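Asks: Quick one: sequence plus predicted model below, questions after.
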Amino acid sequence: MTVENSVLVNGYPTLEEIKEANGWPTDERFAKGPVAIIECVQEIPCNPCEEACPFSAITIGSPITVIPKLKQDECTGCGLCVPKCSGLAIFIVDKSLGDGKAAVSFPFEYLPLPKPGDVVEAVNRACEFVCDATVTKVFNPIRNDHTPVVTIELPIAFSDTVRSIRRPGAGKVALSNESAYFNQSIPDDIIICRCEEITAGEIKKAIAEGADTVTGIKRRVRAGMGLCQGKSCGRVVTRMIAEATGKKIPDLLPSTDRAPVRPISFGELGGGDNA
């Protein structure tokens, strides 16, 4: 694995990183039906996926910074873990459809939502176009807590690569200080910062009151001050600021990381048995 291709540099993991960190289902398991693909490659304090699985197919254990592992033979591909993942890093892949087709299910927290039957542009982990795909299901019950799960059908050759779709209508929305996409169409009660449970409405209010930097938002409403230090919400907050103020995203600096980057015990801080 080269640093140039790592999640720390590009913001998304390579297939090699995912396989090394989380493992990968065998061809025999893929042939049996849908199975979860975990793409969480960093040690962060998070374990909702483990708690969400009714079959105990996902294990993290203690401490909760351990990278999750999938027991592929115990996974049924039910998808309950997908909307529960705070980092939106779990997908369901079904290579058993036949006729050279596969299905990929993924979390999709954008508006407007696609509809079954829509032909959409499928993208890879870098959000680059891969192929056209057909939406077969949009699953968005109350228990998903504003995280719809979209399933698309596509050629099986792309099922290891495709992880989302381009937002329907993307590129057709005019953004300006007076008419920002997020401010108009993202409901105020949607949680943007999951660690601190900060909503879009709180962030929009802070921007309206003059917070025009990521650090400014962090100081006003605590978005990005949680355990993940903005790894999940930082990009969304940055885009909200850019669209509301007219600033360019590259000109908006991220907030400053604060040590420790993951939870440690007081014993470790105190030097342990050697103190």
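Replies: Ah, there it is. Since the model is a prediction, treat every value here as computed from it, not as a measurement.
Asks: quick one, strands of the stretch 151-275 of the chain?
Replies: Along the stretch 151-275 of the chain, counting by DSSP state E, counting those that start in this stretch, strands occupy 164-165, 191-193, 198-199.
Asks: Residue 120 is nearest to which of these?
Replies: strand 164-165 (4.4 Å; Cβ to Cβ). To be clear about C-beta, it is placed using only N, CA and C from the backbone, and glycine gets the same treatment.
Asks: pLDDT on that closest one, on average?
Replies: For strand 164-165, mean pLDDT rounds to 96.
Asks: roughly how far out does stretch 188-207 sit from the chain middle?
Replies: Stretch 188-207 sits 17 Å away from the centroid of its parent chain (Cα atoms, centre = their mean, to the nearest Å).
Asks: what does that stretch rub up against?
Replies: Taking contacts as Cβ atoms under 8 Å, 6 or more residues apart in numbering, the residues outside stretch 188-207 that touch it are 86, 109, 145-146, 182-183, 186-187, 216-217, 220-228, 230, 232-233, 236-237, 240-241, 244-245.
Asks: Okay, buried residues for it please.
Replies: 190-196, 198-200, 202-204, 206-207 (16 or more other Cβ atoms under 10 Å).
Asks: same thing with stretch 69-82?
Replies: 69, 70, 72, 75, 77, 79, 80, 81, 82.
Asks: wait, which of the residues you listed is closest to residue 162?
Replies: residue 82 (15.0 Å).
Asks: So for residue 245, what's the nearest residue that isn't a sequence neighbour?
Replies: In space, and not counting its chain neighbours, residue 245 is closest to residue 212: 5.2 Å by Cβ to Cβ, 6 or more residues apart in numbering.
Asks: pretty sure the one you found is touching residue 246, no?
Replies: No. Checked against Cβ atoms under 8 Å, the pair residue 212 and residue 246 is beyond contact range at 10.0 Å.
Asks: Compare these two and say which is more crowded by neighbours.
Replies: Taking neighbours as other Cβ atoms under 10 Å, residue 212 and residue 246 compare with residue 212 leading, 16 against 13.
Asks: got any ranges where the chain has weak pLDDT?
Replies: When residues are selected by pLDDT under 70, those of the chain lie in 1-6, 8, 169-185, 257-263, 272-275.
Asks: Tell me which residue is most central in it.
Replies: residue 88 (2.5 Å; Cα atoms, centre = their mean).
Asks: Distance of that one relative to residue 150?
Replies: Distance, residue 88 to residue 150, using Cβ to Cβ, to the nearest Å: 12 Å.
Asks: which neighbours do these two share?
Replies: What both residue 88 and residue 150 touch, as defined by Cβ under 8 Å, 6+ apart, is the set 106, 107.
Asks: got the buried residues for stretch 129-146?
Replies: 130, 133, 134, 135, 144.
Asks: repeat for stretch 23-39
Replies: 23, 24, 25, 29, 30, 32, 34, 35, 36, 37, 38, 39.
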